[in-house]
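# Return atomic coordinates for the entry below.
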Amino acid sequence: MFFSIPGFDPKSLTNDQLFEKQVELEKKKVMSNRFGKAEMMAQLQMMIDAIDTERKERMFQDIFGKAMIETQGLVVETDPDIRKEIAASKEEEEKKTEKSKNPIRRPIRSSKPVKSEIYK
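Residues are numbered from 1 along each chain as shown. Reported below is the predicted structural model:
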């Protein structure tokens, strides 16, 4: 989690609760600003930022997340070195296919007529 505030987890709140909590914290922030408590203001601002970030993430997931997953699929990597292994296996397959391909055989050009069984 980007914000580590003990006893406060915005992921556990619903959208309505997040909005209400943000309004409540904004009111407390204004009060702490009036009384000159900078430490309290900093902590409240951090909580407000955490709520704002969570709301933005949820909106992004609602709007774009489903469409992105449907079009691109979901990839979960469990092994950090898996990309290297996949790249190495692809290179090996390419080498195998290059060897197995028949090279193009071009006819030999000469001034003499070529006798072929096809034209008989």
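# Pretty sure N15 sits against M59.
No - judged on CB atoms under 8 Å, N15 makes no contact with M59 at a distance of 9.2 Å. Where you see a C-beta, it was placed from the backbone N, CA and C, and this is true even at glycine.
# Could you check the lowest-mean-pLDDT helix or strand in the chain and say which residues are buried?
One helix or strand of the chain scores below all others by mean pLDDT, DSSP states H and E: helix 66-72, with a mean of 72. By neighbour count on 16 or more other CB atoms under 10 Å, the buried set for helix 66-72 is empty.
# continuing past that helix, what's the next helix or strand?
helix 82-100 (DSSP states H and E).
# Mind giving me the packing neighbours of that following helix?
Under the contact definition 3 or more CB pairs under 8 Å, 6 or more residues apart in numbering; DSSP states H and E, helix 82-100 sits against no other helix or strand.
# what is the mean pLDDT for it?
Averaging pLDDT along helix 82-100 gives 75.
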